[in-house]
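# I'd like to go over a predicted model; first the sequence, then the structure.
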Amino acid sequence: MINALKRIIRKRYNISFSKSGDDIQLNKLINKQTPGVYVDIGCWDPVKSSNTYYFSLRGWKGICIDPNPELDKLYKKYRPKDYFINAAIGNSETNLDYYFLEESSMNTMSFDFIKKHDLEDKIIKKASIIVYSLKYIQVNDRLDFFDVDAEGYDLEILKTNDREKYRPKVVLVESDISIKSDVTSNIVAYLESKGYTLLGKSIINSDLGNLFLVSNY
């Protein structure tokens, strides 16, 4: 009963589950009265620090993707209406190494990311994970936003999307560089070439935050 009451309160009021209120901002940008669809890549925990749980509570359809097999049971328990895919997304239809770290939110397929942040001694184990192209993900309804958080592998993921089929209104992607550097970054340059405009950046901690890119049409 207590859990049911918590869900009612969370659904009725604008309670944010993101680290920096990104979900509330996304809702304002999308500005739709009827539920749509989101794709959450590198989704991690179904509730904690989630940019999509807010929408799940309100009847949106979610496709949540993460290479960590331990998350499957959590999504079945807390977000049974969402479709969880235990896989990695990238431009190589094969298997790649996936690194499990002490802080599971930082698990990654990018060893460059691990070296950049001096995390070699934080690796618990690694596993070979199947990698799919984003173009194979099936979306049959209105697609409102992508949320991409892949710890250094984000650009590779974005490049696999077929924008003739799937063109979200908003792309949210994590960045750990300064906003000045973001403006000329490879991710922003790539999305701008696909008809998106950098609208702003949320702040999680120092330079870490989420970039908001909105479709021009």
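Received the coordinates, thanks. Residues are numbered from 1 along each chain as shown.

# if you count residues, which strand in this protein comes out on top?
Longest strand in the chain by number of residues, with DSSP state E as the criterion: strand 123-132.

# Other residues contacting that strand?
Residues outside strand 123-132 that contact it (Cβ atoms under 8 Å, 6 or more residues apart in numbering) are 67, 87-90, 92-102, 109, 114. Where C-beta positions appear, they are placed from N, C-alpha and C, glycine not excepted.

# Likewise for stretch 24-31?
The contact list for stretch 24-31 (Cβ under 8 Å, 6+ apart) reads 14, 16, 18, 36, 51, 54-55, 144-145, 169-170, 172, 199, 202, 212, 214.

# Now, of those residues, which are buried?
Taking 16 or more other Cβ atoms under 10 Å as the criterion, what is buried in the contacts of stretch 24-31 is 16, 18, 36, 51, 54-55, 144-145, 169-170, 172, 202, 212, 214.

# that older thread, among the contacts of strand 123-132, which lie within strands?
88-89, 95-101.

# Contact partners for the residue nearest to Ile137 when sequence neighbours are not counted?
Beyond its immediate neighbours in the sequence, the residue positioned closest to Ile137 (Cβ to Cβ, 6 or more residues apart in numbering) is Ile63, lying 6.1 Å away. Residues near Ile63 by Cβ under 8 Å, 6+ apart: 37-40, 82-83, 85, 137, 139.

# Generate CSV for these, with secondary structure as supplementary columns.
Formatted as CSV, the contacts of Ile63 follow (DSSP: H, G, I helix; E, B strand; the rest coil):
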residue, secondary structure
Val37, strand
Tyr38, strand
Val39, strand
Asp40, strand
Asp82, coil
Tyr83, strand
Ile85, strand
Ile137, coil
Val139, coil
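
# Looking at these, spot the one nearest Pro46.
Checking the contacts of Ile63 against Pro46 by Cβ to Cβ gives Asp82 as the nearest, at 7.8 Å.

# Quickly list what the residue nearest to the closest one when sequence neighbours are not counted is bridged to.
Among residues not flanking Asp82 along the chain, Gly62 sits closest, at 3.8 Å (Cβ to Cβ, 6+ apart). Note on Gly62: beta-bridge partners by DSSP bridges are Tyr38.

# Quick one: name whatever helix or strand follows the lowest-mean-pLDDT helix or strand in the chain.
For the chain, the helix or strand with the lowest mean confidence is helix 2-12, at a mean of 59 (criterion: mean pLDDT, DSSP states H and E). Counting by DSSP states H and E, the next helix or strand C-terminal to helix 2-12 is helix 22-30.

# So which of the buried ones among the contacts of stretch 24-31 belong to strands?
144-145, 170, 172, 212, 214.
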